[in-house]
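Q: Any chance you can model this:
(chains A and B)
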Amino acid sequence: MAQQIVLGQYVPGNSPLHRLDPRTKLIAAILLMVLILTSFSVPSLAVLGIFVLVLILLSQIKVRLIIRTVRPILFLLLFAFLFNLFSGSGEVLFSFSFITVRVDGLINAVIILFRIIMLVLATSILITLTTTPILVADAIESLLSPLKKVRFPVHEIAMMMSIALRFVPTLLDEMQKIMKAQSSRGADYDTGSPIRRARGFVSILVPLFVSAFRRADDLATAMESRCYRGGKGRTRLKVMKFSYRDVVFSLFMLAITAAVYTLPLVFPSV
Amino acid sequence: MKTFSEAETALHFDGVLLRNVSYTYDIGLPQETSALADIDLDIKAGQHIAVLGHNGSGKSTLAHIINALLLPQSGKMVFFGCEPSDEESIWEIRRRSGLVLQNPDNQIIGTTLEEDVAFGPENLGVPLPELRHRVDASLEKVGLLELAQRPPHTLSGGQKQKLAIAGILAMEPICIILDEATAMLDPASRADFMNLVMQLSKERNLTVINITHNMEEALLADYIYVVYNSRIALHGTPADVFEQAAKIRQMGLDVPVHIEIAQKIADYTSMPLAKTEAFTCTGAAQAVHDRLDTFFTVPQQYAPSANNSDHGTGVQISELSAPSLNISDHEAEVRGTEQSVPSANNSDYGKEVRGTELSAPSTDISDYGTEVRGTELEFPHHSRLSYDGRKVLVEVKGLSYTYNPDLEQCVKALTDLDIDIYEGELLGLAGHSGSGKSTFVQHLNGLIRPEPGVVSVMGLDVHDKKNIRKVREHLGLLFQYPEQQLFEETVGADIAFGPKQMGLAPEIIEQRVKEAAELTGLDPKLLDRSPFDLSGGQMRRVATAGILAMNPDILILDEPTAGLDPAGRDELMSYFLRLQKKGQTIILITHDMDQLADIADRILILKDGRKFALGTPAEVFGDDEQIRLAGLEMPHTKVFMEEMQSLTPGISADIFSPDNAAKALIYEYRTRRQTWRSK
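A: Okay, the predicted model is just below:
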């Protein structure tokens, strides 16, 4: 199961995208999300689509790994697609008993599908796949550092995030192991009444929590033993440096933003 | 009473010094427990120290004190001239001492290897480019530099522990503390890890403090401290400490096999061992050879006297007296060689012993098994298992399995495996970590569906989803660290979970819970307690009882004794052996080759998902080279018997428990002497 979920699953590499400053990537990802969510015209979306394709090429990550990031949301995609397909007004494309598909609906459905996929691809290609969680945390810490002035615990929050990400695969493996163990004691998580199933989950959650606490205890010991005492005076192995690459990438992002917002004005009809 | 000068010297002591250190958890609360009481330690720089002790003896607390994670509540700890008196000195002690914990997963902080190694020096404020240099050098030292960018959860257990060492090296320590760091590793990774530690300590004059249950590791140390019920009960060089075999036993620990056998023979012949005589395996063999040779050559002169039992292995000399009694249940005793699986190629040692049973009167040494350790262990526990006409309970044919077949990082966990498992046998399952042992047993109860291949359990095809429920009732699978799966509010309810899921009647469930608790030696009073109030060992018994309460026809045990101390291990095993005696079919996975060779009827060794060997212990442990290739180690008794073989050619080395070895040796030397005399 841990292998199926590409959450915090960094793919090692040395591509131009890997080498970008994580802060650049983080801001770019947020900007891209905004762009995708606020553009409705086909030319804008086409530009964004091409841009995401370029990013995929730049990342030098195998297409199969990238496609896998979409897998967990397949159900959501299907739901969104069907929901849009059967709604809308306009010319009827075809109808069969109670099902009626209209042109508008079809276009909307395709566009929504496209946008959700783009959202997932853009964030995973810019962040999860090419940036280690610790760097993401570092980037957040650095971007939020002005908040330190008002005593906001920026470092602590960033550290908590990166530890949480580090333990996601470990805890998923653990959950799977506990499920198997309880299954071999006769627990059944697929059939039976809802109450029985809910009780079944108690048999997973209690051991999982107990184990998480034990791990947390060990981890705290390990961190203290390695002289962790908060963010003060810490140095970093990976220093974030805003280099010429980031300048180029940022200019490019600006160009894309401009294009996305001006294209609908040029082609108002589509 | 400390004088001023004593305090002064403590600060100049080059090493770790503890004086009257005590530590108690939860002071003033009902669950108050004393972890350490009046501990004195003197560890010199560059020394390799082993700390032994039963579970809950306070060993880990000791590690935390030396690492300045805990401060002594009374007494003092001085770490290389530094006392943890203020914040700065505490950090200094933590910087210069590194701690490796038991569970490899829980101590990794970074999301890639290099980030994890960098964590320590980053905290210390080491600037670039030195930081980068330290990280790379440390990773290279432990052989993980190539994997620097990988996420840590993709490493094996042995690699993770090496990563922990790298993380410590990057802080430039003078002392490494291992808190049962090898407990979760397979034999090959354990040896590999200890080699690394030994090499580092030599190269960098590192002080090593190894807290362990593994007696072979303890032999690597320069000095041993034994902690028993929060106090130092014994200390000395390994030779000194293991000389006190009986005491070590009482404290719930093991004695290295060759020392144990030498002690038994020394007691039997009343010729005490000289200091360090039996320290090495070769030395012990020579000592045994000399004694038995002398004893059976001039029996009168060395007639045992009763006041010589100081070095006791628990065997009372008086009971053994002169060599004139009869062998009582020898049949059961010399079973190491007696297996007769179809196609077994046994030596005829067993039959020889049988022969003498009827004729020649001989020494009564039958009490070894039960005397040792003062518990009711019944090693060796059963007579030969005949496979003629035995029912096949599990049939496995052409089983293969691949994890993530559609991915590039797909792992071939099993390849083309065939095996029949017979009713009433104890099948041992061994192999390096990742060899496919767990994947294999998960196929047996349908947690993983065979594809391709056939698995049938008591005639039920596991591939058929309808059969799975039935199969799981026939087949009880006890997972690794099963105490981590407890969840109910009371012990009784947790044990009852399985039977309840089977839909049994309440009276029957109650009966089953009672029986299972009894089988695992649980006090009935505990049934109403919360399982989370119990000690680790007791929790494991509760989890075991939960499986037994389902009354499975086949019991699968996945490393049931991992992490327990020797006494806890032997006790739990004795329950399983009692079940087996009653005809229970058992599949046992373990990394403990001594245990496996001693009790298994047959052993299946997996290597990289393939059947590597299948046969009796004598057959499987035939070739050292092969066993090492499979990432395992030879049983220590066999290694010792091979030494004996080189001294007295012709004796069988296929013996797998110290008791049987002692008996067999006494028998062999006596017979040889008799034949010689009659000539």
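
Q: Okay, B:R469 and A:L265: tell me how far apart.
A: 65 Å (C-beta to C-beta, to the nearest Å). Glycine gets a C-beta too; all of them are placed from N, C-alpha and C.

Q: and these two? which has more neighbours close in?
A: More crowded of B:R469 and A:L265, by other C-beta atoms under 10 Å in any protein chain shown: B:R469, with 16 against 8.

Q: Could you give me the buried positions within stretch A:259-270?
A: Residues A:A259, A:V260, A:L263, A:P264 are the ones in stretch A:259-270 that count as buried (16 or more other C-beta atoms under 10 Å in any protein chain shown).

Q: So what touches that stretch?
A: Contact with stretch A:259-270 is made by A:L35, A:S39, A:F40, A:S41, A:V42, A:P43, A:S44, A:V47, A:L48, as judged by C-beta atoms under 8 Å, 6 or more residues apart in numbering or on different chains.

Q: Over to stretch A:193-201?
A: A:Q182, A:A187, A:D188, A:Y189, A:G192.

Q: In helices only, show me these.
A: If you go by DSSP state H, these have A:Q182 in helices.

Q: any idea which residue sits dead centre in chain B?
A: By C-alpha atoms, centre = their mean, chain B has its centre lying nearest to B:D592, at 5.5 Å.

Q: one step back: any chance of the contacts of stretch A:259-270 in JSON lines, plus pLDDT, distance to chain B and neighbour count?
A: Listed next are these as JSON lines, based on pLDDT from 0 to 100; distance: C-beta to the nearest C-beta, whole Å; neighbours: other C-beta atoms under 10 Å in any protein chain shown:
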{"residue": "A:L35", "pLDDT": "93", "distance to chain B": "29", "neighbour count": "22"}
{"residue": "A:S39", "pLDDT": "87", "distance to chain B": "34", "neighbour count": "19"}
{"residue": "A:F40", "pLDDT": "84", "distance to chain B": "36", "neighbour count": "11"}
{"residue": "A:S41", "pLDDT": "86", "distance to chain B": "37", "neighbour count": "19"}
{"residue": "A:V42", "pLDDT": "87", "distance to chain B": "34", "neighbour count": "16"}
{"residue": "A:P43", "pLDDT": "89", "distance to chain B": "36", "neighbour count": "16"}
{"residue": "A:S44", "pLDDT": "91", "distance to chain B": "35", "neighbour count": "22"}
{"residue": "A:V47", "pLDDT": "92", "distance to chain B": "32", "neighbour count": "18"}
{"residue": "A:L48", "pLDDT": "93", "distance to chain B": "29", "neighbour count": "21"}
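
Q: Could you pull up the residues touching B:L36?
A: Contacts of B:L36 were listed using C-beta under 8 Å, 6+ apart, and they are B:V21, B:S22, B:Y23, B:G58, B:T61, B:L62, B:I65, B:P72, B:S230, B:R231.

Q: From what I see, the first one and B:P72 are in contact.
A: Right, the one you point to is B:V21. Yes. B:V21 lies in contact with B:P72 (C-beta atoms under 8 Å); the separation is 4.3 Å.

Q: Please identify which of these two sits among more neighbours.
A: Ranked by neighbour count (other C-beta under 10 Å), B:V21 and B:P72 place B:V21 first, with 24 against 19.

Q: quick one: the helix or strand hosting that one near chain A?
A: Assigned by DSSP states H and E, B:V21 belongs to strand B:15-25. No. Strand B:15-25 stays clear of chain A (C-beta under 8 Å from any C-beta of the partner chain), getting no nearer than 13.2 Å.

Q: Quick one: distance of the helix or strand following that strand to the chain centre.
A: Using DSSP H and E, the helix or strand that follows strand B:15-25 in sequence is strand B:33-44. A distance of 25 Å separates the centroid of the chain from that of strand B:33-44, by C-alpha atoms, centre = their mean, to the nearest Å.
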